[in-house]
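*Asks:* Need coordinates for the below:
(4 chains)
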Number of protein chains: 2
Amino acid sequence: MKQLNERMGLAKTEMFTDEQNKISLFAKVFGHPARVAILQYLFKLDSCICGDLVNEIGLAQPTISQHLKELKQLGLIKGNVEGTSVCYCINKDNWSNMKDIMIEFLDQDISNTDCC
Amino acid sequence: MKQLNERMGLAKTEMFTDEQNKISLFAKVFGHPARVAILQYLFKLDSCICGDLVNEIGLAQPTISQHLKELKQLGLIKGNVEGTSVCYCINKDNWSNMKDIMIEFLDQDISNTDCC
DNA sequence: TTGTTTCATTGCAATATTACGATATAAAAA
DNA sequence: TTTTTATATCGTAATATTGCAATGAAACAA
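*Replies:* Numbering: from 1, shown residues only, chains lettered A, B, ... in the order given. The predicted structure follows:
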């Protein structure tokens, strides 16, 4: 049966606030363990990743490259070409901005909620 | 062409730590603006949602019901049957637990990172 | 020049997610 | 009892995501 809006599988972003869409976009990029692992590895190193990510995480090189691309598109990491390799690191300003938005959402006061 | 692992489209959770999988599961549930909107509405009300969610958010009743189910399955909300309607509210303990895990991930110290 | 190394992109298969009409269920109201 | 109200579930269509082999591109090495 033909559906009306032909947008199934696609979030109806136009009916939500910019903030709600922004939160969900950030959350979505953290919604895969490989991307969480990449970021945690970056934090652990305290510097750039230059190559060894494919060995560190057990996924194929194109798959890692794709996850890096998504993190980069959201601005959470940046990559610098160094010869044949590329060094990725956290984009501090954008990470900080994302953190503020996400923590504001997560850290709401629920002490007064009176529930059934 | 037949693939080897027959798991494409499915995250390979077994190769990640429990923490990484847990973070990504929480993040995934926030990865849709409708679920963010539901939670924000719950916070704003400071009490239960009994019904008016379908009017509040512009999605069909089965769609809202499905989003509520996902939030409930992760334990972030709980529902109490009250006559013909169901009242949903934040599950304080589980929300607090999730918050700690997510904020620990987001709030890592990046002041010392030395990048290219 | 001809490899070699490193990473990105393309193409595609498999699975997941989203949305909603139709229908089921269960309690309240008439 | 019958009807109404509120929510859940089923089935299914459309789109998104994930993963990787094959290939491309760009810098380096020999």
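*Asks:* Whatever residue of chain A ends up closest to DNA strand D: neighbour count?
*Replies:* With Cβ to the nearest atom of the strand as the measure, A:Gly9 is the residue of chain A nearest to DNA strand D, at 2.6 Å. Every C-beta, even on glycine, is put in place using the N, C-alpha and C of the backbone. Number of residues near A:Gly9 (other Cβ atoms under 10 Å in any protein chain shown) recorded here: 4.
*Asks:* Just give me the neighbour total for A:Leu53.
*Replies:* 20.
*Asks:* That one: what's it in contact with?
*Replies:* A:Ile38, A:Tyr41, A:Ile64, A:Leu68, A:Tyr88 (Cβ atoms under 8 Å, 6 or more residues apart in numbering or on different chains).
*Asks:* ok, now which ones touch the third one?
*Replies:* To tie it back to what came earlier, the one meant is A:Ile64. Neighbouring residues of A:Ile64 by Cβ under 8 Å, 6+ apart: A:Ala34, A:Ile38, A:Leu53, A:Val54, A:Ile57.
*Asks:* at 10 Å what do you get?
*Replies:* With contacts defined as Cβ atoms under 10 Å, 6 or more residues apart in numbering or on different chains, A:Ile64 is in contact with A:Ala34, A:Arg35, A:Ile38, A:Ile49, A:Leu53, A:Val54, A:Asn55, A:Glu56, A:Ile57, A:Gly58.
*Asks:* Which ones among those map onto helices?
*Replies:* Of the contacts of A:Ile64, the ones assigned to helices by DSSP state H are A:Ala34, A:Arg35, A:Ile38, A:Leu53, A:Val54, A:Asn55, A:Glu56.
*Asks:* hang on, the fifth one packs against A:Gln61?
*Replies:* In other words, A:Val54. Yes: contact criterion Cβ atoms under 10 Å: A:Val54 and A:Gln61 qualify, at 5.0 Å.
*Asks:* neighbour-wise, which of these two wins?
*Replies:* Between A:Val54 and A:Gln61, counted using other Cβ under 10 Å, A:Val54 has the larger neighbour count: 14 against 9.
*Asks:* Which pLDDT value belongs to the more buried one?
*Replies:* Here, the pLDDT recorded for A:Val54 equals 93.
*Asks:* quick one: which helix or strand includes A:Ile103?
*Replies:* helix A:92-106 (DSSP states H and E).
*Asks:* near DNA strand D, which residues of chain A show up?
*Replies:* Neighbours of DNA strand D within chain A, by Cβ under 7 Å from any atom of the strand: A:1-3, A:6-10, A:28, A:31-32, A:34, A:59-63, A:66-67, A:70, A:81, A:83-84.
*Asks:* which residues of chain A fall in strands?
*Replies:* Remark: strands assigned in chain A by DSSP state E are A:77-82, A:85-90.
*Asks:* out of those, deepest packed?
*Replies:* Among the strands of chain A, strand A:85-90 has the highest mean neighbour count (mean count of other Cβ atoms under 10 Å in any protein chain shown), at a mean of 18.
*Asks:* now the angle from that strand to strand A:77-82?
*Replies:* Counting by axes from the mean of the first three to the mean of the last three Cα atoms, to 10 degrees, strand A:85-90 lies at 150 degrees to strand A:77-82.
*Asks:* Restrict strand A:85-90 to CA atoms and write it as PDB.
*Replies:* Taking C-alpha atoms only, strand A:85-90 is exported to PDB below (Å, rounded to 0.1, in the frame of the first residue of the first chain):
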ATOM      1  CA  SER A  85      48.900   9.300   6.900                       C
ATOM      2  CA  VAL A  86      46.200  11.400   8.500                       C
ATOM      3  CA  CYS A  87      46.200  12.500  12.100                       C
ATOM      4  CA  TYR A  88      42.900  12.800  13.800                       C
ATOM      5  CA  CYS A  89      42.300  14.700  17.100                       C
ATOM      6  CA  ILE A  90      39.400  16.100  19.100                       C
END
